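Participant: Mind looking at a prediction? Sequence and model below.
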Amino acid sequence: MTENIFTALPTSKIQLDHEKFTLTDDSKVAVRTKGSFTGTFSASGLTICGRFSEVTINDLTWTALQPVGGPLANRNALAIQNLSGVDMKVQYDSGLAGYKGMTIKDQNERQYDITETIIIYGKSASGTVAINVEEIA
């Protein structure tokens, strides 16, 4: 005979909601969690500063999508906006031959939650164009 796993569940939504929360030592409401957490945690989003750059790319070489001085220190997000009039591709290897990668069509954008240690390269489908790059730290 198998045990009915649903008999151990609380009988009402109010009871479930009540058991989801707890009071801290200083009488503040907190969400109850199970287990312990270790590691390095950091806030996501704008906590230090942001920077906008216009980067020129072409159809011959892969160009790092960051300003000439390098990526923004402590970066945790990057947005690429393509309003250039032509499609473009992005990828992670500046030595890659051809036109391969993720496509960002004209009038579109793409966002990444990445640190400054990861470099993204861009190449246009044709000609030399300028694209917008926003970094958040």
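Facilitator: Alright, I've got the coordinates. Numbering: from 1, shown residues only.

Participant: mind checking pLDDT for the spatially most central residue of the chain?
Facilitator: The residue lying closest to the centre of the chain (C-alpha atoms, centre = their mean) is Asp113, at 2.0 Å. pLDDT recorded at Asp113 is 94.

Participant: Hmm, Ala79 and it touching each other?
Facilitator: No: using C-beta atoms under 8 Å, Asp113 is not in contact with Ala79, being 10.4 Å away. Any C-beta I mention is one placed from the backbone N, CA and C, and that applies to glycine too.

Participant: Just say helix, strand or coil for Asp17.
Facilitator: helix (DSSP: H, G, I helix; E, B strand; the rest coil).

Participant: and it, how many neighbours?
Facilitator: Using other C-beta atoms under 10 Å, Asp17 has 10 neighbouring residues.

Participant: swap in the one 10 residues further on?
Facilitator: Taking other C-beta under 10 Å as the criterion, the count of residues near Ser27 is 6.

Participant: so how far is Lys34 from it?
Facilitator: 22 Å (C-beta to C-beta, to the nearest Å).

Participant: Can you show me the strands along the protein?
Facilitator: For the chain, the strands defined by DSSP state E cover 21-23, 29-31, 50-57, 63-64, 77-82, 88-91, 102-104, 108-112, 121-124, 129-136.
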